[in-house]
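> need coordinates for the below:
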Amino acid sequence: MSIIRKLSVGKDYPNGSIHYQVGKQMNLMSRPYTISAILYEEINKGCMAYCIYIEGEHSTVLWKQVVDMPVHVELDITFD
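Numbering: from 1, shown residues only. Just a heads-up that it's a prediction; the model follows:
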């Protein structure tokens, strides 16, 4: 399984897309959060989605699910 580092959502890549990157910090409702993981998961029987998780001060929660949208996926690559 590959580790997803960045997910760009939208058909007009790169300028018209929304970019979600692991480690990116943001403020939601005046509180700091960090995108902690982007996973490709089964959400319903046979339905797959890109799931974006955010981490706050005390917990990690599912923030967004991307289903049936054009996406560009950037994997985390490590050279040995």
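> any weak-confidence spans in this structure?
1 (pLDDT under 70).
> now with 50?
Across the chain, nothing is flagged by pLDDT under 50.
> how about the strands in it?
Per DSSP state E, the chain carries strands over the ranges 4-9, 18-21, 25-28, 31-44, 47-55, 60-66, 71-75.
> among those strands, which is the most enclosed?
Of all those, strand 4-9 has the most neighbours on average by mean count of other C-beta atoms under 10 Å, namely a mean of 18. In this view, the C-beta of every residue, glycine as well, is placed from N, C-alpha and C.
> and that strand with strand 60-66, angle?
40 degrees (axes from the mean of the first three to the mean of the last three C-alpha atoms, to 10 degrees).
> mind listing the strands strand 4-9 pairs with, and their directions?
Using DSSP bridges, the strands paired with strand 4-9 are strand 18-21 (antiparallel), strand 71-75 (antiparallel).
> so how far is it from its chain's centroid?
6 Å (C-alpha atoms, centre = their mean, to the nearest Å).
> can you check stretch 61-79 too?
5 Å.
> output it as PDB, restricted to C-alpha atoms.
Output of stretch 61-79 as PDB, limited to C-alpha atoms (Å, rounded to 0.1, in the frame of the first residue of the first chain):
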ATOM      1  CA  VAL A  61     -11.100  12.800  13.200                       C
ATOM      2  CA  LEU A  62     -12.300  12.200   9.600                       C
ATOM      3  CA  TRP A  63     -12.800  15.600   8.100                       C
ATOM      4  CA  LYS A  64     -13.700  15.000   4.400                       C
ATOM      5  CA  GLN A  65     -14.400  12.200   2.000                       C
ATOM      6  CA  VAL A  66     -13.800  12.700  -1.700                       C
ATOM      7  CA  VAL A  67     -16.000  10.400  -3.900                       C
ATOM      8  CA  ASP A  68     -16.500  10.500  -7.700                       C
ATOM      9  CA  MET A  69     -14.400  13.600  -8.200                       C
ATOM     10  CA  PRO A  70     -11.400  14.100 -10.500                       C
ATOM     11  CA  VAL A  71      -8.200  13.800  -8.400                       C
ATOM     12  CA  HIS A  72      -4.500  13.900  -8.800                       C
ATOM     13  CA  VAL A  73      -2.600  11.800  -6.200                       C
ATOM     14  CA  GLU A  74       1.000  12.400  -5.100                       C
ATOM     15  CA  LEU A  75       2.600   9.600  -3.200                       C
ATOM     16  CA  ASP A  76       5.200   9.800  -0.500                       C
ATOM     17  CA  ILE A  77       8.400   8.500  -2.100                       C
ATOM     18  CA  THR A  78      11.600   7.600  -0.200                       C
ATOM     19  CA  PHE A  79      14.800   6.800  -2.000                       C
END
